[in-house]
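In: Mind looking at a prediction? Sequence and model below.
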Amino acid sequence: MKTLKQTVLTLLCIIAFTACKNENKEIPTSSKPEQVTPATEKTGQAFIKDDEGKPTVLHIAIDSKDHTTLVAAVQAASLENALVNAGPLMVFAPTNEAFASLPEGTVENLLKPENKDALANILKYHVTPGNYSKDFLKKFKKLGQANNGYVKVEVVDGEPLIGGAKIIASIPAGNGIVHVIDKVLLPTE
Amino acid sequence: MRNILKSTVALLSVLVAFTSCDTASKSNSGALSSSAAEKVYVAPGEHDEFYAFISGGFSGQLSVYGLPSGRLFKVIPVFSLDAEKAYGYNEETKPMLNTSHGFVPWDDSHHPDISQTNGEIDGRWVFINGNNTPRIAKIDLSTFETTEIIEVPNSAGNHSSSFVTENSEYVVAGTRFSIPIPQKDMPIKDYKSNFKGALSFISIDPKHGHMDIKFQLIMPGFDYDLSHPGRGKSHGWFFFTTYNTEEASTLLEVNASQNDKDFIAAVNWKKIEDYVNNGGGTMMPANYAHNVYDEATHSATSTMKKEVRVVNPLDVPGAVYFLPTPKSPHGCDVDPSGEYIVGNGKLSANLTVHSFTKMLAAIENNKVAGDAYGIPILNFEDVLAGVVEQPGLGPLHTEFDGKGNAYTTFFISSEVVKWKLGTWEVVDRQPCFYSVGHLMIPGGNSQKPFGKYVLAMNKITKDRYLPTGPEVTQSAQLYDISGEKMELLLDFPTVGEPHYAAGCPADLIKPRSKKLFKLEDNKHPYATLNEADTKVVRDGKTVHIYMTTIRSHFAPDNIEGVKVGDKVYFHITNLEQDYDVPHGVSIIGANTSELLIMPGQTETFLWEPKQIGVWPFYCTDFCSALHQEMQGYVRVSPANSNTPLKWSLGEDIE
């Protein structure tokens, strides 16, 4: 069941992304699916076509098959344009697996339109204004996140742990850096 | 009866008032009463149809506008210092302004012209001449940066320049002022027959656009005013207007207006090229700068060239002829077919048009009226195609729409006049506000003009805009020329005093416009390609700082061990690889401008600290959300101190 939902989500996000590509090519195809987001929401820096620059944190996430849940969540929370901003943005990107290990129903619940604000709050907790390498992060004791909260940084066995999450990969982006993490960070109220 | 009379009068006056009011609104509201506003409106986010490159005149620069909106996009620094872009201030671009007279930080930029392929504008480069210290610059239209400047020796007042032949074989630079060649110490009154005018043919490398003076034609001591290449049937020829054929050296306003006719010099450059390719001409000692900016090293070099090939026109029979043309002609304009050569005689009431075909026939039949210093003069009647009778006062310059019409500016009567090629009849005239100099139709100097708009560049502005003290910027006016009658659409202010402009469809340039410089292609000798390689190196009293920028910090941002009296070079590489994210930098007390470093680029500025202390530097271009945090410190110790050299980033985070 969960897999089905995820597949649907993935499909939706692919459709949305493809549709946005089409729009940049100017001539919309008549076979464009009905459920694409209205054009008004697809304006802004996120939808500028740019194959020359280094990909942004958003495009890195979109291009990763391990982050389909995160991307779907970003789109559900309408945060695309914020993630292509000049930044600098350091995104801690939980994998699909990390989302999957949340209690049953959590993701589905957050994706409901009425929970858009709560979802945005969680996603913003994964974003730091800044751009630091994994190694450099060891210098910090905490990071100030985009939702106004702080996430704790510890060094365990010479590795930085961000809110208890391990950094499994780091990808420099045009407007910052993406650190792939193995846990979803939940803001402490 | 009285009442009827009264009401009739009342009715009449109402009618009169209404009618006159209607007329008044029509004549005053201009753009609003017609569709003019719509024709120039480019909606937010939409792009203009044409680029216009408008010369900056005494600003020394070249400005980039969109047409029809008249929006200013950029001012490209060419011959003058530009603190905004660090042009001429940073170590990399200082060599661009080197000349045989040393560093010259200003010039008077005049006539931009876009490169061509097969007689059509190709949008690769735009060339522009510096009038005062004779130079020709090349601007690359993928980066919109000046990438080459060549000084023109044996020249003074580089005015009949910088026009490009139809396959960009040459960019041509003619001298306005004749001078002793070579220069020497001699009485000015001995001008006549001793001073000479050089016409320089500068070859353009078809791949990189590199310029090289192929030859200089050493002509009689006239003033060479403007020029244009032949095209189509007249490709291989070049035409130059002359004035002061009287060879006066003083009070030219009187003394250079004595002759009833001056000349258009017709130069068969193909013939001279053959002559030169076969070893013709002589190498003459010279001293002139050739400055080239390299995109890979992000740096310019200046090389002094020590000789130039000169050609005496008498040594190449059949290469140069004089076409008599009334009264100190200014513009020298060739129609898209290459048949008609228009001489815009400033002091003549008529416009003179010569025929290329008739010129060839006269040469063929050896119909020569005389000579000037051995150069044959053809008969005026033999080469004349026609005369536009009394079109206006003070003609300056003519452009063509590619549909059989010509458009001429008249300075004194302050108007643009449209007339027909071949019948020479005036079709329409529209006033300019005020005293128009030059005009431009996109693709004007080519076989294929885009005859939709003409842009008039006026010399006098007066009351056209809100006043800004005694100096008011020059105005440009855009006319729709798609119909039989011209229609004034728009006024807009310009930078400096435009003498000329070049335009082309935006689609020729837009797709090739560069977004950033790839870091891996950066070959700057002081480039630092990642933060790990940043360092500070002392070499005697010189300190090199290898610094990087990324949103939102400098690496390193704390530097110690610099001493009073050091020469400190900040070599800063912008590690960003994202479109439109430059970083700027400067430090307190630097005797130079900021740097504005494009993504992937390295730039250098020199700082010579004169006082001990801890001095901040910061990012000068709002780069990111943490732009205000992008700052650092340099500790400056006394000259004799032993403070160790040290640099760091983020050593103490709370």
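Out: Yep, that arrived.

In: export stretch B:351-371 as CSV, just CAs?
Out: What follows is stretch B:351-371, C-alpha atoms only, in CSV (Å, rounded to 0.1, in the frame of the first residue of the first chain):
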residue,chain,number,x,y,z
LEU,B,351,22.1,65.4,-51.1
THR,B,352,24.6,64.0,-53.6
VAL,B,353,24.3,60.3,-54.6
HIS,B,354,27.0,58.7,-56.7
SER,B,355,26.7,55.6,-58.8
PHE,B,356,29.1,52.7,-58.4
THR,B,357,28.3,51.5,-61.9
LYS,B,358,29.0,54.9,-63.4
MET,B,359,32.2,55.3,-61.4
LEU,B,360,33.5,52.0,-62.9
ALA,B,361,32.5,53.1,-66.4
ALA,B,362,34.3,56.5,-65.9
ILE,B,363,37.4,54.6,-64.7
GLU,B,364,37.1,52.2,-67.6
ASN,B,365,36.9,55.0,-70.1
ASN,B,366,39.7,56.9,-68.4
LYS,B,367,37.5,60.0,-68.0
VAL,B,368,39.7,61.9,-65.6
ALA,B,369,39.1,65.6,-64.7
GLY,B,370,42.5,66.1,-63.1
ASP,B,371,44.4,64.9,-60.1
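
In: What residues of that stretch count as buried?
Out: Neighbour-count burial for stretch B:351-371 flags B:351, B:352, B:353, B:354, B:355, B:356, B:358, B:359, B:362, B:363 (criterion: 16 or more other C-beta atoms under 10 Å in any protein chain shown). The C-beta positions use only the backbone N, C-alpha and C, and glycine is treated the same way.

In: same thing with stretch B:46-60?
Out: Buried residues in stretch B:46-60 (16+ other C-beta under 10 Å): B:48-60.

In: Just the ones in strands from those residues, please.
Out: Mapping the buried residues of stretch B:46-60 onto strands (DSSP state E) picks out B:50, B:51, B:52, B:53, B:54, B:55.

In: What is the helix or strand where residue B:212 lies packed up against?
Out: Using DSSP states H and E, residue B:212 sits within strand B:211-220. Using 3 or more C-beta pairs under 8 Å, 6 or more residues apart in numbering or on different chains; DSSP states H and E, the elements in contact with strand B:211-220 are strand B:145-151, strand B:196-204, helix B:269-277, strand B:282-294, strand B:299-311.

In: And the pLDDT at the residue in the stretch 301-450 of chain B positioned nearest to chain A?
Out: Nearest residue of the stretch 301-450 of chain B to chain A, counting by C-beta to the nearest C-beta: residue B:450, 22.6 Å away. According to the prediction, residue B:450 has pLDDT 97.

In: tally of neighbours for the closest residue to it other than its chain neighbours?
Out: Spatial nearest neighbour of residue B:450, excluding adjacent residues (C-beta to C-beta, 6 or more residues apart in numbering or on different chains): residue B:442 at 4.3 Å. Residues contacting residue B:442 under the criterion other C-beta atoms under 10 Å in any protein chain shown number 28.

In: Tell me the secondary structure of residue B:442, please.
Out: Under the three-state scheme (DSSP: H, G, I helix; E, B strand; the rest coil), residue B:442 adopts coil.

In: how about the residues of chain B that lie near chain A?
Out: For chain B, the residues in contact with chain A (C-beta under 8 Å from any C-beta of the partner chain) are B:515-516, B:550-552, B:576-579, B:581, B:599, B:623-626, B:650, B:653-654.

In: Pull out the buried residues from these.
Out: Buried by 16+ other C-beta under 10 Å: B:516, B:550-552, B:576-579, B:581, B:599, B:623-626, out of the residues of chain B next to chain A.

In: where exactly do the strands run in chain A?
Out: Counting by DSSP E, the strands of chain A are A:89-94, A:127-129, A:142-144, A:150-156, A:159-162, A:165-173, A:176-181.

In: export these to TSV and tack on mean pLDDT?
Out: TSV is the format used below for the strands of chain A (pLDDT from 0 to 100):
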stretch	mean pLDDT
strand A:89-94	93
strand A:127-129	92
strand A:142-144	94
strand A:150-156	96
strand A:159-162	96
strand A:165-173	94
strand A:176-181	94
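
In: Chain B contacts on chain A?
Out: Proximity of chain A to chain B (C-beta under 8 Å from any C-beta) is limited to residues A:50, A:52-54, A:56, A:85-88, A:129-131, A:136, A:139-141, A:174-176.

In: Buried members of these into ChimeraX, please.
Out: With 16+ other C-beta under 10 Å as the criterion, this ChimeraX line picks the buried residues out of these:
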select /A:50,53,54,56,85,86,87,88,129,130,131,140,174,175,176
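
In: neighbours of residue B:283, just the number please.
Out: Residues contacting residue B:283 under the criterion other C-beta under 10 Å number 10.

In: now it, nearest residue through space, not along the chain?
Out: Take residue B:283 and drop its neighbours on the chain: the residue closest to it by C-beta to C-beta, 6+ apart is residue B:307, 4.7 Å away.

In: Enumerate every residue touching the one you found.
Out: Contacts for residue B:307 (C-beta atoms under 8 Å, 6 or more residues apart in numbering or on different chains) come out as B:283, B:284, B:285, B:286.

In: my guess is the first one contacts residue B:308, does it?
Out: Yes. Assessed by C-beta atoms under 8 Å, residue B:283 is found in contact with residue B:308 at 7.3 Å.

In: if we can go back for a sec, next, format the helices and strands packed on strand B:211-220 as a markdown table and append distance to residue A:180 and mean pLDDT.
Out: Below are the helices and strands packed on strand B:211-220 laid out as a markdown table (distance: least, C-beta to C-beta, whole Å; pLDDT from 0 to 100):
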| stretch | distance to residue A:180 | mean pLDDT |
| --- | --- | --- |
| strand B:145-151 | 39 | 98 |
| strand B:196-204 | 52 | 98 |
| helix B:269-277 | 64 | 98 |
| strand B:282-294 | 39 | 98 |
| strand B:299-311 | 39 | 98 |
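
In: Which residues does residue B:572 form beta bridges with?
Out: Beta-bridge partners recorded for residue B:572 (DSSP bridges): residue B:547, residue B:603.
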